[in-house]
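> Need coordinates for the following:
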Amino acid sequence: MDSKFSETYEQDFYDFSYGFRPGRSCHQALKRVGEIINFKPINHVWLKTLKNTLSLKELWTQLISKLRGYYQYYGVSENIRKLQEFYYRVEGIAFKLLNRRCHKKSFNWQGFCKYLQRFPLPKSYIVHNFYA
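Residues are numbered from 1 along each chain as shown. All right, here's what the predicted structure looks like:
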């Protein structure tokens, strides 16, 4: 019965489905997720192009939106360390680019940290928990 069921329905499953199939396991699914999550260098060209055209408030709103979208896409179980690393890299890039808005330094690191306290960026979080 089991083999007839597999023969009939195996063709209907996608290659990326792993649930309760012969030769497939949750360990393979998690390994595949790890392969799919390929962190590329942060593409901050959009931030460079918008830094002089938008006000700081509008620019910060865009950055928050981009971070939330990134967390929605990459926020899976076992990935919090990479998300935290990404957050700190974005924070550094934002500091660097905000200092280049006009031809003088507008923030030192302490001033930037105060700005972050008042207008925080969203911290990294897990959206898709495979263990719950």
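> What part of the chain, helix or strand, is modelled with the least confidence?
helix 2-9 (a mean of 52; mean pLDDT, DSSP states H and E).
> For residue 54, which residues are in contact?
Contacts for residue 54 (CB atoms under 8 Å, 6 or more residues apart in numbering) come out as residue 62. Every residue, glycine included, has its C-beta placed from N, CA and C.
> going forward, begin numbering at 843 instead of 1
Let's use 843 as the start, then, which means that last one is residue 896.
> Just give me the neighbour total for residue 926.
As a burial measure, residue 926 scores 13 neighbours (other CB atoms under 10 Å).
> now the residue nearest to it when sequence neighbours are not counted, what's its secondary structure?
Closest residue in space to residue 926, ignoring its immediate chain neighbours: residue 966 at 4.9 Å, by CB to CB, 6 or more residues apart in numbering. Under DSSP: H, G, I helix; E, B strand; the rest coil, residue 966 falls in the coil class.
> For residue 966, give me the pLDDT.
Residue 966 is assigned 88 on the pLDDT scale.
> Over to residue 913?
pLDDT, read off for residue 913, is 88.
> Any figure for the gap between it and residue 961?
18 Å (CB to CB, to the nearest Å).
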